[in-house]
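After the sequence you'll find the predicted model.
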Amino acid sequence: MKLKIYPTTKLQGEITAPSSKSYSHRAFIASSLAKEVSIIKKPLISGDVKVTIEILNTLGHRITKVSEDTYMVKGSSGKIKAINKTLDCKNSGTSLRIFCALALLIEGGLTFSGEFLKRRRPIIPLLKALELLGGNYELFDETLTIKRKGKNCSPIELPGNISSQFITALLMICPLLTCKKTNSITINITSPITSYPYVKITLDVLKSFGINIQENLNESKLGKYIISCEQNYRAQTYEIPGDFSSASFMIVAAILSPEDSKVIINNLNFDKPQGDRKIIEILRRMGAKIEVFRDKKSITVTGNLSKYPLTGIAVDIEDTPDLFPILSVVGAFAKGKTELYNASNIRGKESDRISLIAQGLSKMGVRVKEGEDFLTIFHCDQLEGSIISHENDHRIVMALTIASLFANTPSQISDIEVVEDSYPNFIEDIIKLGAKVDKLE
């Protein structure tokens with residue numbers, strides 16, 4: 001489906017932030033590894049999480065919808081049936097990396113395919129770590145097979161600066177392993193952890209499901225994890241929190257509005273360790289007016305770019321890579337220049353997000369300077385509408401859609417349904433707030 005986006009002057013209304021993609025992945029997988037039945041409330045079930053759910057179903061787990069926003073997961077106690085089928089992980093890094101580790105639990109292992117492998121997204125350091133746990137793998141251009149051939153559990157040396165999902169995968173599998181000569185596994189982190197808040201999300205979910213992990217890190221996020229073996233996941237009733245990453249697009253849409261705007265966003269739990277809640281602090285530093293109501297789990301965003309002008313700043317994006325696309329858009333409207341740095345790992349996401357957002361903004365008349373691990377965005381007096389390219393990256397789609405609302409001429413984007421990967425109601429929500437868009441079949 002195509003979307004035509006027209007210049008919009010103001011936004012008004014109240015919406016609910018979609019559920020967290022990161023929490024949903026982890027909660028479904030943790031539930032599947034428990035002994036009894038777990039209840040997952042308000043999960044995201046589209047996009048990459050749908051990939052995770054389909055794989056769990058293929059592996060014999062029973063996931064049942066019991067009401068509009070509640071799912072029941074019958075656990076396996078970590079005993080997963082052998083299958084003779086290639087699992088398509090599409091371009092879901094979380095799915096492939098975690099199930100790659102879980103393959104060590106399955107007789108005969110697992111074989112994977114998908115866009116993730118075709119794009120050659122980072123995976124080798126995780127595979128090398130799994131070898132130290134008895135894993136054996138065969139990696140080709142479009143398939144990966146991995147299985148466990150022994151029960152040795154050597155200490156693992158793992159870089160932290162490539163993908164936090166390597167750590168997440170190991171933290172989820174190691175508690176279930178049986179080892180020959182030790183009752184614990186040590187993961188030594190050899191370089192500072194990038195996107196550390198996502199590891200905190202993993203630890204938060206694991207704690208809820210009864211898994212104990214000892215974390216010893218210094219301020220530079222170097223150190224080690226010590227995991228006791230042969231633990232048991234405990235079934236839970238678990239509610240997925242709202243997603244700050246997705247909410248960031250609506251927050252920015254409000255603050256960029258040229259006329260008086262007011263947007264209330266609900267379902268934002270500030271007590272959960274989501275790194276992307278930092279969007280509020282960043283935008284406030286730039287001049288935005290955002291009120292936080294922690295007890296109500298909501299925020300109110302007041303917009304009018306003339307009354308609340310934005311000033312460009314430098315932002316370290318290392319721990320919040322999913323904010324990179326939308327903050328790039330903000331930079332085009334902020335006075336002076338905005339620099340997003342420590343962004344090298346963003347090139348290994350669903351797309352090369354640095355290059356793709358740079359190209360998209362440049363087509364709209366914005367001057368940018370692209371480096372290997374940074375992007376500098378200069379103030380633009382007036383953005384121009386364009387035909388948007390996005391390589392099926394949901395965050396690029398949403399960021400450039402927001403930018404297009406405040407261009408001087410209409411823009412058009414194809415395959416808009418890719419937003420379902422993290423924000424299924426994105427189009428409905430911007431329409432509800434007053435954005436001028438047309439769906440084109």
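Okay, I see it.

What residue, apart from its backbone neighbours, is nearest residue 275 spatially?
With sequence-adjacent residues excluded and distances taken as C-beta to C-beta, 6 or more residues apart in numbering, residue 275 is closest to residue 197, at 2.8 Å. Where C-beta positions appear, they are placed from N, C-alpha and C, glycine not excepted.

Surely the one you found touches residue 273?
Yes: contact criterion C-beta atoms under 8 Å: residue 197 and residue 273 qualify, at 5.8 Å.

Looking at those two, which has the bigger crowd around it?
Taking other C-beta atoms under 10 Å, residue 197 and residue 273 do not tie; residue 197 has more neighbours (20 against 14).

Can you classify that one as helix, strand or coil?
Here residue 197 is recorded as helix under DSSP: H, G, I helix; E, B strand; the rest coil.

That one and residue 330: what is the separation?
20 Å (C-beta to C-beta, to the nearest Å).

any idea how the chain splits into domains?
2-17+242-440, 21-239 (automatic domain parsing).

May I see those arranged in TSV, with mean pLDDT as well?
Shown next, in TSV, are the domains of the chain (pLDDT from 0 to 100):
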stretch	mean pLDDT
domain 2-17+242-440	95
domain 21-239	94
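
Just confirm residue 416 contacts residue 2, I think it does.
Yes: contact status for residue 416 versus residue 2: in contact at 6.7 Å, counting by C-beta under 8 Å.

between the two, who's got more neighbours?
Neighbour count, other C-beta under 10 Å: between residue 416 and residue 2, residue 416 has more, with 24 against 12.

quick one, what contacts the more buried one?
Going by C-beta atoms under 8 Å, 6 or more residues apart in numbering, residue 416 touches 1-3, 397, 401, 427, 439.

Likewise for residue 224?
Contacts of residue 224 by C-beta under 8 Å, 6+ apart are 186-189, 216-217.

Tell me the one of those residues nearest residue 33?
Nearest to residue 33 among these: residue 187, at 18.6 Å, using C-beta to C-beta.

pretty sure the closest one is in contact with residue 173, am I right?
No: checked against C-beta under 8 Å, the pair residue 187 and residue 173 is beyond contact range at 11.0 Å.

Distance of residue 148 relative to residue 130?
In terms of C-beta to C-beta, residue 148 sits 8 Å off from residue 130.

Repeat that for residue 296.
As judged by C-beta to C-beta, residue 296 and residue 130 stand 44 Å apart.

what about these two, which has more around it?
Between residue 296 and residue 130, residue 130 has the larger neighbour count (other C-beta under 10 Å), namely 24 against 11.

Confirm that one sits in a strand?
No: going by three-state DSSP, the assignment for residue 130 is helix, not a strand.

Pull the contacting residues for it.
By C-beta under 8 Å, 6+ apart, the contact list for residue 130 reads 100-101, 104, 137, 146.

if I look at residue 31, how far off is residue 240?
Here residue 31 is placed at a distance of 11 Å from residue 240 (C-beta to C-beta).

so residue 300 sits in a helix?
No: assessed with three-state DSSP, residue 300 is strand; it does not lie in a helix.

which residues in the stretch 1-150 of the chain form helices?
Assigned by DSSP state H, counting those that start in this stretch, the helices in the stretch 1-150 of the chain fall at 21-32, 47-58, 93-102, 115-118, 124-131.

Those helices: which one's closest to residue 353?
Nearest to residue 353 among these is helix 93-102 (12.9 Å), distances taken as C-beta to C-beta.

residues in contact with that closest one?
Outside helix 93-102, the residues touching it (C-beta under 8 Å, 6+ apart) are 22, 25, 29, 48, 51-52, 55, 80, 87, 89, 110, 112, 114, 116-117, 121, 123, 126-127, 130, 144, 146, 163, 165-166, 168-170, 172-173, 349-350.

Distance from that helix to the middle of the chain?
14 Å (C-alpha atoms, centre = their mean, to the nearest Å).

which one is residue 322 nearest to, not counting chain neighbours?
Among residues not flanking residue 322 along the chain, residue 245 sits closest, at 4.4 Å (C-beta to C-beta, 6+ apart).

okay, now the one you found: neighbour count?
Residue 245, neighbours per other C-beta under 10 Å, totals 25.

From residue 119, how far out is it?
Note on residue 245: its distance to residue 119, by C-beta to C-beta, is 21 Å.

neighbouring contacts of stretch 46-64?
Contact partners of stretch 46-64, identified using C-beta under 8 Å, 6+ apart, comprise 21, 24-25, 28-29, 32, 43, 45, 71-76, 80-81, 83, 85, 87-95, 98-99, 106, 394, 420-422, 424.

correction: stretch 287-304
Residues outside stretch 287-304 that contact it (C-beta under 8 Å, 6+ apart): 10-11, 242, 247, 250-251, 254-271, 280, 283-284, 308-311, 334.

picking up where we left off before, am I right that the residue nearest to residue 322 sits in a helix?
Yes: Residue 245: assigned to a helix according to three-state DSSP.

Contacts only, for it.
Going by C-beta under 8 Å, 6+ apart, residue 245 touches 20-21, 274, 276, 322-323, 395, 422.

Can you name the helix or strand that residue 224 falls in?
strand 223-228 (DSSP states H and E).

Equivalent analysis for residue 372, please.
Element membership for residue 372 (DSSP H and E) is empty, with no helix or strand holding it.

residues in contact with it?
For residue 372, the contacting residues are residue 344, by C-beta under 8 Å, 6+ apart.

how close does it sit to residue 355?
11 Å.

got it, and residue 142?
Taking C-beta to C-beta, one finds residue 142 at 24 Å from residue 355.

Residue 158 now?
Separation of residue 158 from residue 355 (C-beta to C-beta): 28 Å.

Those two: who's more crowded?
The neighbour comparison of residue 158 against residue 355 (other C-beta under 10 Å) goes to residue 158, with 21 against 14.

Would you confirm that the more buried one contacts residue 131?
No: in this structure, residue 158 is not within contact of residue 131 by C-beta under 8 Å, at 11.9 Å.

got a list of what the residue of the chain positioned farthest from its centre touches?
Most distant residue from the mean C-alpha position of the chain: residue 181, 36.6 Å away (C-alpha atoms, centre = their mean). Residues near residue 181 by C-beta under 8 Å, 6+ apart: 152-153.

State the distance from it to residue 155.
Using C-beta to C-beta, we find residue 181 at a distance of 12 Å from residue 155.

For the stretch 51-200 of the chain, which segments count as strands?
Counting by DSSP state E, counting those that start in this stretch, the stretch 51-200 of the chain has strands at residues 62-67, 70-74, 86-88, 110-113, 135-139, 143-148, 156-158, 184-189.
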